[in-house]
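Undergrad: just coords:
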Ligand SMILES: NC(=O)C1=CN([C@@H]2O[C@H](COP(=O)(O)OP(=O)(O)OC[C@H]3O[C@@H](n4cnc5c(N)ncnc54)[C@H](O)[C@@H]3O)[C@@H](O)[C@H]2O)C=CC1
Ligand SMILES: O=C(O)CCC(=O)C(=O)O
């Protein structure tokens with residue numbers, strides 16, 4: 001992989017490799033763009049098949065955060081981190097604290113938080129070594145329920161567009177991944193009368209939603225093929241790809257997972273198929289909205305109100321998509337890029353600070 005070519009293509013600012021033999025830490029921090037503010041994004045602990053997979057994941061995730069915060073109207077840039085390895089075997093207080101020291105070394109250019117396999121206890125260890133971490137217990141806490149609420153609000157906006165009503169009674173929703181966010185998405189959907197089909201690679205997580213919400217479990221490689229109203233990816237990225245796109249039997253794709261489209265062209269393909277895609281970084285912004293509040297002095301009500309507004313942001317993206325006859329993914333990019341450009345221009349004025 002030609003790393004600098006990739007960094008140049010999408011205009012990344014910085015890629016940081018962190019290694020510690022004592023704890024087994026192998027981490028990568030990606031900073032995409034800091035025009036709007038410090039790069040903020042969670043840390044993912046994942047057993048990647050190759051180092052290249054990890055690099056691509058962190059870069060794609062970091063870039064997604066730039067667009068996510070810009071689209072949500074936050075004064076944040078985009079960054080993300082990955083820790084490579086099996087969290088069940090490798091995760092320890094000393095590893096997380098060592099990672100925290102690397103974050104501290106970036107002196108606030110990057111602020112971390114939770115992501116897959118990194119929870120509130122883990123960010124507490126990171127916080128022992130750095131102040132540049134959010135999502136702390138006693139402050140904004142676990143962002144997942146707020147992310148899920150935002151996803152739910154986005155689903156309502158999508159339903160309103162496609163079915164002419166926010167009423168989800170009897171609507172069939174296929175949820176892929178029922179972890180921290182997926183569980184709460186299922187809860188909202190169940191309370192709204194939706195019928196749930198779910199999958200996960202962790203049996204205990206499936207059992208929880210089957211027992212709590214009467215969901216029907218299906219195999220991981222079946223979920224995207226279910227005949228349904230809404231397909232909600234809430235696990236890994238790149239689930240809309242050359243292989244899956246023609247197998248979809250839904251009217252809406254709207255879920256929490258970051259980087260759902262394997263490539264940009266898949267957004268166009270969904271449009272051509274008449275499937276309404278709600279861009280991932282627009283609908284899953286509840287988490288970053290919640291942790292951003294922590295930087296301002298946390299206020300739950302303000303965070304929830306802002307997450308609820310995802311409904312209106314989704315509507316705006318749909319409006320741009322129709323107005324310009326482009327896919328919703330391109331419409332969201334256009335909206336985010338416009339804000340970065342406009343705010344970026346104000347920063348050319350010299351200030352003595
Ligand atoms: N936690 C948050 O507040 C936010 C999370 N996201 C994104 O949402 C997604 C889910 O995040 P969390 O719920 O926090 O993570 P999590 O790790 O708690 O849940 C993910 C679930 O997906 C399952 N999973 C993994 N691979 C799978 C596969 N191939 N098929 C089916 N299930 C699979 C896991 O077993 C787990 O139960 C991720 O893409 C994350 O980046 C985005 C914004 C904020
Ligand atoms: O939700 C979080 O932990 C912070 C934001 C983030 O990393 C994300 O939205 O993917």
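TA: Happy to help now that I have it. Given the structure is predicted, the values throughout are model-derived calculations rather than measurements. Ligands and ions are numbered 1, 2, ... in the order given.

Undergrad: how is the chain partitioned into domains?
TA: 3-62+77-127, 144-285+312-337 (automatic domain parsing).

Undergrad: residue of the chain nearest ligand 2, please.
TA: residue 287 (2.4 Å; Cβ to the nearest ligand atom). Every C-beta, even on glycine, is put in place using the N, C-alpha and C of the backbone.

Undergrad: which bits of the chain sit near ligand 1?
TA: 114-117, 143-144, 147, 176-182, 199-202, 205, 220, 234-236, 256-258, 284, 287 (Cβ under 6 Å from any ligand atom).

Undergrad: quick one, which of those residues are buried?
TA: The neighbour-count test (16 or more other Cβ atoms under 10 Å) marks 114-117, 143-144, 147, 176-182, 199-200, 205, 234-236, 256-258, 284, 287 as buried among these.

Undergrad: which stretches in the stretch 251-353 of the chain count as strands?
TA: All strands of the stretch 251-353 of the chain, identified by DSSP state E, counting those that start in this stretch, fall at 252-253, 276-277.

Undergrad: winner for burial among these?
TA: strand 252-253 (a mean of 26; mean count of other Cβ atoms under 10 Å).

Undergrad: Provide the strand pairings for that one, with the direction of each partner.
TA: Sheet partners assigned to strand 252-253 using DSSP bridges are listed as strand 230-233 (parallel), strand 276-277 (parallel).

Undergrad: residues making contact with that strand?
TA: 155, 158-159, 162, 229-233, 240, 260, 270, 275-278 (Cβ atoms under 8 Å, 6 or more residues apart in numbering).

Undergrad: cool, stretch 337-348 as well?
TA: Outside stretch 337-348, the residues touching it (Cβ under 8 Å, 6+ apart) are 33, 35-36, 66-67, 70-71, 73.

Undergrad: and these as TSV, adding neighbour count?
TA: Listed next are the contacts of stretch 337-348 as TSV, based on neighbours: other Cβ atoms under 10 Å:
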residue	neighbour count
33	22
35	18
36	21
66	31
67	24
70	27
71	23
73	14
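
Undergrad: next, the buried residues of stretch 185-195.
TA: 185-190, 192, 194-195.

Undergrad: next one: stretch 270-285
TA: 270-271, 275-285.

Undergrad: so residue 218 makes contact with residue 228?
TA: No: between residue 218 and residue 228 there is no contact under Cβ atoms under 8 Å: 10.7 Å.

Undergrad: who touches both of those two?
TA: Contact criterion Cβ under 8 Å, 6+ apart; residues shared by residue 218 and residue 228: 174, 197.

Undergrad: of those two, give the one with the bigger neighbour count.
TA: Taking other Cβ atoms under 10 Å, residue 218 and residue 228 do not tie; residue 228 has more neighbours (23 against 16).

Undergrad: list the contacts of the more buried one.
TA: Applying Cβ under 8 Å, 6+ apart, the residues contacting residue 228 are 172-174, 197, 249-250.

Undergrad: quick check: the farthest pair among those?
TA: By the measure Cβ to Cβ, 173 and 249 form the most distant pair in the contacts of residue 228, at 12.8 Å.

Undergrad: and these two? Which one has more around it.
TA: Set residue 173 next to residue 249 and count neighbours by other Cβ under 10 Å: residue 173 wins out with 28 against 13.

Undergrad: so the more buried one sits right up against residue 192, yeah?
TA: No: under the criterion of Cβ under 8 Å, residue 173 makes no contact with residue 192, lying 9.6 Å away.

Undergrad: which parts of the stretch 1-150 of the chain are helices?
TA: With DSSP state H, counting those that start in this stretch applied, the stretch 1-150 of the chain shows helices at 3-9, 51-71, 87-90, 93-105, 120-127, 144-163, listed in chain order.

Undergrad: wait, what's in contact with the residue nearest to the spatial centre of the chain?
TA: Compute the mean C-alpha point of the chain, and by Cα atoms, centre = their mean the closest residue is residue 258, 3.8 Å away. Residues in contact with residue 258 (Cβ under 8 Å, 6+ apart) are 60-61, 64, 237, 280-281, 284.

Undergrad: could you do residue 268 as well?
TA: Taking Cβ under 8 Å, 6+ apart, we find residue 268 in contact with 327, 329-330.

Undergrad: that one and residue 330, how far apart?
TA: As defined by Cβ to Cβ, to the nearest Å, residue 268 lies at a distance of 8 Å from residue 330.
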